[in-house]
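Engineer: Predicted model follows, preceded by the sequence.
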Amino acid sequence: MNEPVKQALIAKLTALADDELILAHRDSEWVGHGPILEEDIALANIAQDELGHATVWYGLRSALDGSDPDQLAFFRDATAFRNSELVELPRGDWAFTLLRQYLFDAYEVLWLHAVQSSTYPPLAEAAAKMLREERFHLQHTQAWIERLGQGTAESNRRMQAALDGQWGYAQQLFVPLPDEPLLVAEGIVPDLAEVKEAWLSRTTQHLQNSGLRLPLQMGYQPTTREIHTEHLWSLLAEMQSTARWDPEAKVW
Amino acid sequence: MNEPVKQALIAKLTALADDELILAHRDSEWVGHGPILEEDIALANIAQDELGHATVWYGLRSALDGSDPDQLAFFRDATAFRNSELVELPRGDWAFTLLRQYLFDAYEVLWLHAVQSSTYPPLAEAAAKMLREERFHLQHTQAWIERLGQGTAESNRRMQAALDGQWGYAQQLFVPLPDEPLLVAEGIVPDLAEVKEAWLSRTTQHLQNSGLRLPLQMGYQPTTREIHTEHLWSLLAEMQSTARWDPEAKVW
Amino acid sequence: EARLAEFEARIARGEKIEPGDWMPEEYRRQLVRMISQHAHSEVVGMLPEGAWITRAPSLKRKMILIAKVQDEAGHGQYLYHAAETLGVTREEMLEALLSGKAKYSSIFNYPTLTWADIGTIGWLVDGAAIKNQTMLAQCSYGPYSRAMVRICAEETFHHKQGKEMVITYAQGTPKQRAMAQDAINRWWWPALMMLGPHDSDSPNTPTLVKWGIKTKTNDQVRQEFINEHAPEILEAGLTLPDPDLRYDSATGNWVHGPIDWDEFWAVVNGNGPMNKERLEARRKAHAEGAWVREALAVYAARKQQTAVAV
Amino acid sequence: EARLAEFEARIARGEKIEPGDWMPEEYRRQLVRMISQHAHSEVVGMLPEGAWITRAPSLKRKMILIAKVQDEAGHGQYLYHAAETLGVTREEMLEALLSGKAKYSSIFNYPTLTWADIGTIGWLVDGAAIKNQTMLAQCSYGPYSRAMVRICAEETFHHKQGKEMVITYAQGTPKQRAMAQDAINRWWWPALMMLGPHDSDSPNTPTLVKWGIKTKTNDQVRQEFINEHAPEILEAGLTLPDPDLRYDSATGNWVHGPIDWDEFWAVVNGNGPMNKERLEARRKAHAEGAWVREALAVYAARKQQTAVAV
């Protein structure tokens, strides 16, 4: 792998890992506060899987550049994170959290599916392993969208409000990184435009079948992962507070 | 002043300053989110005054031991803070915030009034200056208690819930520090038992006149300022996040 | 009465009582009380630990903690099922919890103030729970006994992780050491108290022992807990906040100083540091989840109707 | 018409129009639009800055920031009063804001991402506002003109503080420098845009100038802003994110590169990064304050009734 490709791959793995880490953080804020005990367990389980994926992506990066995953997670500043804005948004209500997880799962399943044929074997292997978990997530969140979308007027209203708020943000998942075309050319990652097409068709159909209105006025669509929302600073202040509390600590 | 008295005074000034700083923090969380623009201004004004008091108390401590107020505020850990638990509690609704401010103002006015005759001139002088501001706060919050207590069934219910939740915590304001008796003996600070008596009589009367139920089952009453609630860690993670973000910074 | 005699004979023979079997009303009542209280403890116990998932200092610790709290939720679920075999519904139990009528372990009314509390809870609180649960795994009621066997296995894992954490910090930087010691200081006495009042103040114990629900008294279990944990904590280079604590070579027991039962009863009666907040958190989650549960019910009813109509 | 001629003659003589005076409906309409928009900007502008009070890095900066945001609330209050003199109520204006009908300055639809944004807003955003407000202090409508005089004085103070902050960080540690530069990079173009579209795309301007509401065009004000700030920022050792920026010694102006008006219109039309959140925050505050306002009204009515009865 030549140096520009390697650097592009490092950037891509970082973005993938950051997305999973921050999403897991928001999901885990629900622990102990879910509407039903069984769903508390299910969401904690999803958070755990996403955190596991973050660890895998940081690990693949580490194999390329020797970086320490914990340093990346706990000692990087907000401006250096490369997650999408969607995953930073405050957890909102149950509809907001489940919709975000659904939109993300739908993207992740399609992306992982495509990346199974990556020319970079570690990526292909990791994707194959994750795909089973992600399909389970998607099945779970997909069912929630239908149940809340077709439940009461109140639950439909909340789902629609969540969708209005997230639809523009979700599009960012398909904005390639500046050097991502290099990776696509090498067959290391799929072309996001193709993934997006499949995602749009799948999600719009399911959302509409669930009684939700689409298309929407797009609203704000983030175009770069170098900028974040106002929420990331505080999220990281919380997330990194223990690790940074004792900078001399070698082992946690 | 002999060394034990000096150390006791340093501890007392720290507790006073920490109370004001943390209370100001909670109040300032309302900025931009108040129910009426005029009240947004009034509460920001109160927060500003309390922050000013914190600065004065840290300053008096600094005169005794050369400590840096900003270091105390932004680089001390939660376990080293000596504020009461009352001021840490999340801001809750408008009733919760105004009631806490009222209970604190009523205490502070009485305490400052008594400390005007302190044998330690810097304390007496500072108290005299603050007293004017605090009387204004008390007038303001006292009026709010009456208006919400006697407003609608909803506002009365919210005030009562706030009172049920805070009454036990508020008693901690009158628990002397371990070495505070030394200061009382020297006439540096008033005996908190006397302040408490006046406070109880004043607040119970006003609360009852405002349509609120007393006495209450006390519930939890914190007895030491060495222990905090679960909220202080996150509050400080947020409050200290910028200062700690660049430990090398000399000037902010 | 013959049925009672037969029942007690079965227990004496070491047989398990199963859901369909005849049992004295008092046996049933005590079991419902204990199992639901145990289930509530798992669910409320998610709060003090769950709040630190977002603040765990490494990816590994974060993963371990989510998994642990998830296990606790699973234990709660499992125990609610065990209680349901005695004819009480989940809704009734939840209602009793939210109204403040049902109790849960007093230990969860103490706050988690630093990250070391997470390790300490694993070591001391799960350690105390395991002593209790190992005994309850011998319980005469089949579903509770089997639940305990399964839960004990997972808790043993949590206990090991917690111990490893605290020992790591005890050997860490000065700040880490201080944090670990502070946590031990705050949790030691509550851990002793969570095993219940002295036998002399525990009127239910003789009946529970006779019916094989409990096989040991509170003081016996507490002594086992201390005998295991006191020397391990001291060996880790930490101290215990009990000046009277000493090893008695005659009995082989670690003898502890007097327990502050006033504090215990204050906490049990609702005046612990976190009683109001824990209950409030559960009530809030329940209230904010109402629209979700309602939506599910309406959706399910509509699907069923459609199915019937088709 | 005679009244209109007399009105325009008064303005030509430099007289102020006062609340009771006759004025063309369009004059009133434009003023209500401008003043209420200005008031809303102050109120919405509290959000991006207010969120950093809790994170200010020193006691002094924290104090300055609370005072500043409080001033902004005061400006909002003062401007609502000025608009009320034109026969519109606070409730109508709030309703227009919350429904999304009324606009506020597009600049507040950008996020505040680091502490340096606070200094940068003071320097650039207040700097741009002052240029505009200094002009509006000459406005033909008395109450607006007087409000501007007062507000300008306070804003000048904020501007100075912001500039001092950014310059301090520009001379600080590498992290502080980088933070300051990043903030300048993000706020420079939005600050230029907040002064409004080019004169050629600003159809209201001629009328507003004729009636003495504005005395300068958007492009004139923007040029003044750049001429003052560009050299100061460069002198502070920072760069500006405009590769085309250059000093033109012939005109004495700093000439800027093309402005991305697509972005401007996207933000004005609701698609800026923070449009939804800002409006949502205001709506939430309003909704959550409903019970408070209701309680005050009931209390006041009861007191009045009692007073009458006595």
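Structural biologist: Right, received. Where do you want to start?
Engineer: list the contacts for C:Ser202?
Structural biologist: Residues near C:Ser202 by CB atoms under 8 Å, 6 or more residues apart in numbering or on different chains: C:196, C:217-218. Glycine gets a C-beta too; all of them are placed from N, C-alpha and C.
Engineer: no, scratch that, I was asking about C:Glu224
Structural biologist: C:131, C:216.
Engineer: To which secondary structure element is it assigned?
Structural biologist: Per DSSP states H and E: C:Glu224 is located in helix C:218-235.
Engineer: Would you mark the buried spots in that helix?
Structural biologist: C:218-219, C:221-226, C:229-230, C:233 (16 or more other CB atoms under 10 Å in any protein chain shown).
Engineer: what's the answer for stretch A:45-65, then?
Structural biologist: Neighbour counts using 16+ other CB under 10 Å place A:45-62 of stretch A:45-65 among the buried residues.
Engineer: So which of those residues sit within strands?
Structural biologist: Using DSSP state E, no member of these falls in strands.
Engineer: ok, the buried residues of helix C:218-235 vs chain A, which is closest?
Structural biologist: Nearest to chain A among these, counting by CB to the nearest CB, is C:Ile233 at 19.4 Å.
Engineer: Now the element after the helix holding C:Glu224, going C-ward?
Structural biologist: Helix C:218-235 is succeeded, C-terminally, by strand C:246-248 (DSSP H and E).
Engineer: Show residues contacting that following strand.
Structural biologist: So strand C:246-248 is contacted by C:231, C:253-255 (CB under 8 Å, 6+ apart).
Engineer: can you redo the residues you listed as a markdown table with distance to chain B, secondary structure and pLDDT?
Structural biologist: Below are the contacts of strand C:246-248 laid out as a markdown table (distance: CB to the nearest CB, whole Å; DSSP: H, G, I helix; E, B strand; the rest coil; pLDDT from 0 to 100):
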| residue | distance to chain B | secondary structure | pLDDT |
| --- | --- | --- | --- |
| C:Pro231 | 27 | helix | 98 |
| C:Asn253 | 31 | strand | 97 |
| C:Trp254 | 26 | strand | 98 |
| C:Val255 | 28 | strand | 97 |
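Engineer: who wins for most neighbours among those residues?
Structural biologist: C:Trp254 (20 neighbours; other CB atoms under 10 Å in any protein chain shown).
Engineer: and the gap between that one and chain D?
Structural biologist: 47 Å (CB to the nearest CB, to the nearest Å).
Engineer: Relative to C:Ile226, how far out is that residue?
Structural biologist: Taking CB to CB, to the nearest Å as the measure, C:Trp254 falls 5 Å from C:Ile226.
Engineer: show me what contacts residue 236?
Structural biologist: I'll assume chain A. Going by CB under 8 Å, 6+ apart, A:Leu236 touches A:77-78, A:81.
Engineer: Chain C, not that one
Structural biologist: Going by CB under 8 Å, 6+ apart, the list of residues near C:Ala236 reads C:166-167, C:170-171.
Engineer: let's go with 7 Å and repeat that
Structural biologist: C:166-167, C:170 (CB atoms under 7 Å, 6 or more residues apart in numbering or on different chains).
Engineer: Now do the contacts for residue 37.
Structural biologist: In the absence of a named chain, chain A is used. A:Leu37 neighbours (CB under 7 Å, 6+ apart): C:43, C:73, C:76-77.
Engineer: hm, I was asking about chain C
Structural biologist: C:102-104.
Engineer: Find the nearest non-adjacent residue to the residue of chain A found nearest chain D, please.
Structural biologist: Closest contact between chain A and chain D, by CB to the nearest CB, is at A:Glu230 (4.5 Å). Once flanking residues are discounted, A:Glu230 sits nearest to D:Pro111: 4.5 Å by CB to CB, 6 or more residues apart in numbering or on different chains.
Engineer: does the one you found sit in a helix, a strand or a coil?
Structural biologist: Assigned with DSSP: H, G, I helix; E, B strand; the rest coil, D:Pro111 falls in the coil class.
Engineer: For it, give me the pLDDT.
Structural biologist: Per-residue confidence for D:Pro111 comes out at a pLDDT of 97.
Engineer: roughly how far apart are it and chain B?
Structural biologist: 14 Å.
Engineer: for A:Glu108, same thing?
Structural biologist: From A:Glu108 to chain B the distance is 30 Å (CB to the nearest CB).
Engineer: what do you get for A:Val5?
Structural biologist: 34 Å.
Engineer: Hmm, A:Glu186 and that residue touching each other?
Structural biologist: Yes - using CB atoms under 7 Å, A:Val5 is in contact with A:Glu186, at 5.8 Å.
Engineer: So which bits of chain C are right by chain A?
Structural biologist: Contact residues (CB under 7 Å from any CB of the partner chain) of chain C with chain A: C:43, C:46-47, C:50, C:53-59, C:61-63, C:66-67, C:69-70, C:73-74, C:76-77, C:115, C:168, C:172-173, C:175-176, C:281, C:285, C:289, C:291-296, C:298-299.
Engineer: Go ahead and build a PyMOL selection from the buried members of the residues you listed.
Structural biologist: Those of the residues of chain C next to chain A that count as buried under 16+ other CB under 10 Å are selected in PyMOL with:
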select buried, chain C and resi 43+46+47+50+53+54+55+56+57+58+59+61+62+63+66+67+69+70+73+74+76+77+115+168+172+176+281+285+289+291+292+295+296+298+299
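Engineer: out of the residues of chain C next to chain A, which touch chain B?
Structural biologist: Of these, not one also sits near chain B (CB under 7 Å from any CB).
Engineer: So which of the residues of chain C next to chain A are in helices?
Structural biologist: When the residues of chain C next to chain A are checked against helices (DSSP state H), the matches are C:43, C:46-47, C:50, C:59, C:61-63, C:66-67, C:69-70, C:73-74, C:76-77, C:168, C:175-176, C:281, C:285, C:291-296, C:298-299.
Engineer: Looking at neighbours, which among the contacts of C:Gln37 is most surrounded?
Structural biologist: That'd be C:Tyr104 among these, by other CB under 10 Å, with 22 neighbours.
Engineer: rewinding a little: report the entries of the contacts of A:Leu236 that also contact chain D.
Structural biologist: A:Ala78.
Engineer: Could you dump the contacts of A:Leu236 into TSV and include neighbour count and secondary structure?
Structural biologist: Shown next, in TSV, are these (neighbours: other CB atoms under 10 Å in any protein chain shown; DSSP: H, G, I helix; E, B strand; the rest coil):
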residue	neighbour count	secondary structure
A:Asp77	16	coil
A:Ala78	21	helix
A:Phe81	23	coil
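Engineer: what are the C-alpha coordinates of stretch C:31-38, in PDB please?
Structural biologist: The C-alpha trace of stretch C:31-38 is given here as PDB (Å, rounded to 0.1, in the frame of the first residue of the first chain):
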ATOM      1  CA  LEU C  31     -40.400 -15.700  48.800                       C
ATOM      2  CA  VAL C  32     -42.300 -13.000  46.900                       C
ATOM      3  CA  ARG C  33     -40.900 -10.400  49.200                       C
ATOM      4  CA  MET C  34     -37.300 -11.600  48.900                       C
ATOM      5  CA  ILE C  35     -37.300 -12.400  45.200                       C
ATOM      6  CA  SER C  36     -39.000  -9.100  44.100                       C
ATOM      7  CA  GLN C  37     -36.700  -7.200  46.500                       C
ATOM      8  CA  HIS C  38     -33.800  -8.900  44.900                       C
END
